[in-house]
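S.K.: here are the coordinates; sequence isn't available:
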């Protein structure tokens, strides 16, 4: 039972990483990584802006918990994040 639940969570996180990575070219490396957390390529000012304008909370480092996202929230999250990403 534990292994089944673990496989389900791993599959869910892999799917979320793929969706987030596909949302913007700068985020593509996130899709190839593993684990619960990812570092967004944004600075502390961008984190403050996301918090104030959209109620998106994360540490100033830009570290996010992938499991805190859903397939329904990724499009809005990516749209809010896009102005802060550069090539």
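M.R.: Now that the structure is in, tell me what you want to look at. These numbers come from a predicted model, not from an experiment. Residues are numbered from 1 along each chain as shown.
S.K.: contacting residues around residue 58?
M.R.: 40, 47, 50, 51, 64 (CB atoms under 8 Å, 6 or more residues apart in numbering). C-betas here are computed from N, CA, C, even on glycine.
S.K.: got the buried residues for the helix or strand harbouring the last one?
M.R.: Following DSSP states H and E, the helix or strand that holds residue 64 is strand 63-65. Neighbour-count burial for strand 63-65 flags residue 64 (criterion: 16 or more other CB atoms under 10 Å).
S.K.: So which elements touch the longest helix along the chain?
M.R.: Criterion DSSP state H: the longest helix present in the chain is helix 2-22. Judged by 3 or more CB pairs under 8 Å, 6 or more residues apart in numbering; DSSP states H and E, the packing partners of helix 2-22 are helix 28-32, helix 74-81.
S.K.: Output those as TSV; include the columns mean pLDDT, mean neighbour count and distance to residue 4.
M.R.: Output for the helices and strands packed on helix 2-22, formatted as TSV (pLDDT from 0 to 100; neighbours: other CB atoms under 10 Å; distance: least, CB to CB, whole Å):
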stretch	mean pLDDT	mean neighbour count	distance to residue 4
helix 28-32	97	14	24
helix 74-81	97	16	25
